[in-house]
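Enquirer: Predicted model, plus sequence, below.
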Amino acid sequence: MKKLLIICVILAAPALYANETPTDPDVKFHNFAWGTSIKDFTAKMGRPVHTEERDGMQSLVYDNIMVSGYPVFLLAYFSKNGLEGGTYYFHTFSLDELIQCYKTVQKELLDKYGFTKICDGIIRELRPYESSWNLKNGLVYLKVNTRQNEPVTLWYSSPAFTKSLLGS
């Protein structure tokens, strides 16, 4: 799981500084502010289906959570300082549904966070399938890889967590 997390962040790294909006909207994961304690998170979300602790981070996994009209796996990452990030893995069952899911979620994110510029480092064919917003309040990264039939993945990261993963 840590490898997947790092891969997602590394893939987003080239586009981290691609955009900024004049007034950065508040970035939260599943309506929880950065720093929310595990206790407060589980009090509202209930018991996770799986937990894991690695390298000082605690991960909570939830299944069948609805996001943008789709069921998802939800992973929330906690440090000693509380909530640091989270990922949604969308359940889709066909290529058409996969693409529609990506477009639906991307539109919602564009409406919420504004226009995103895709950096030139991303392979031309994949450009429509990766979007990122590097905001003062956190990083939001959306991707799908239709060639490898991977799920639509939506990553949120606090500024501190992003900095610890990517450095500076």
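Expert: Sure thing, it's come through.

Enquirer: Which of the three states applies to the nearest residue to Phe161 once chain neighbours are set aside?
Expert: Leaving aside its sequence neighbours, Phe161 sits nearest to Glu84 (Cβ to Cβ, 6 or more residues apart in numbering; 3.9 Å). No exception for glycine: its C-beta is placed from N, CA and C like everyone else's. At Glu84 the chain is in strand, as set by DSSP: H, G, I helix; E, B strand; the rest coil.

Enquirer: contacting residues for Glu84?
Expert: Trp34, Met57, Tyr77, Phe78, Ser157, Ser158, Ala160, Phe161 (Cβ atoms under 8 Å, 6 or more residues apart in numbering).

Enquirer: pLDDT at the fourth one, what is it?
Expert: pLDDT for Phe78: 98.

Enquirer: surely it meets Ile38?
Expert: Yes. Counting by Cβ atoms under 8 Å, Phe78 touches Ile38, with 5.2 Å between them.

Enquirer: any idea how far the closest residue in space to Lys136 that isn't next to it in sequence lies from Ser79?
Expert: Leaving aside its sequence neighbours, Lys136 sits nearest to Asp24 (Cβ to Cβ, 6+ apart; 4.4 Å). Separation of Asp24 from Ser79 (Cβ to Cβ, to the nearest Å) stands at 22 Å.
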